[in-house]
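*Asks:* what follows is a predicted structure for the sequence shown.
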Amino acid sequence: MKNAAYVFIAGTVVLATVAGAAYAAPGKSREQVQKELAAALQTGSVVTGFQGLSPRELNPDLYPAAPARPGMSRAQVQAQLAVALQAGSAVTGFQGLSPRELNPDLYPVNTTRSVAHSGAKPTGTN
């Protein structure tokens with residue numbers, strides 16, 4: 001069973017190398033594509049096996065931590081929260097409902113989705 005898994009992984013790597021070279025972005029040389037594949041294999045970001053998971057996802061303790069992605073600043077989060085609270089779309093309490101859902105007569109009819117649920121940036125921020 002282990003031999004079959006190794007053969008499958010080796011075949012996947014060969015297939016990824018060939019497919020990666022065939023569908024590489026214009027201007028990339030074969031060596032550049034092979035270096036990118038080697039880097040992806042080293043970081044565990046190439047999906048292999050039947051589960052559809054990368055080695056990093058299967059064994060996260062074997063790979064270095066992924067770099068953190070930049071998020072919103074504190075001011076942006078506070079501005080978004082203020083807009084959501086004013087619109088009544090921020091979920092509060094233990095019921096899992098927003099104030100707009102609990103008391104719809106206290107808020108104007110809004111036909112668009114709220115900022116908190118749409119992922120849009122509130123107005124007046126960068």
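*Replies:* Thanks, I have the structure now. Keep in mind that what you see is a predicted model, and the values were worked out from it rather than measured.
*Asks:* show me what contacts Pro67?
*Replies:* With contact set as CB atoms under 8 Å, 6 or more residues apart in numbering, Pro67 has no partners. In this view, the C-beta of every residue, glycine as well, is placed from N, C-alpha and C.
*Asks:* and this protein, what are its domains?
*Replies:* Here the domain assignment for the chain is 2-62, 74-118, based on automatic domain parsing.
*Asks:* can I get these in a markdown table with mean pLDDT?
*Replies:* Shown next, in a markdown table, are those (pLDDT from 0 to 100):
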| stretch | mean pLDDT |
| --- | --- |
| domain 2-62 | 78 |
| domain 74-118 | 81 |
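*Asks:* can you put those in CSV and add distance to Ala68 and mean neighbour count?
*Replies:* Below are these laid out as CSV (distance: least, CB to CB, whole Å; neighbours: other CB atoms under 10 Å):
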stretch, distance to Ala68, mean neighbour count
domain 2-62, 15, 12
domain 74-118, 15, 13
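*Asks:* break down this protein into its strands, ranges please.
*Replies:* Secondary structure of the chain (DSSP state E): no strands located.
*Asks:* in it, which residue is most central in space?
*Replies:* Arg69 (9.7 Å; CA atoms, centre = their mean).
*Asks:* how close does it get to Asn103?
*Replies:* Distance of Arg69 to Asn103, computed by CB to CB, to the nearest Å: 37 Å.
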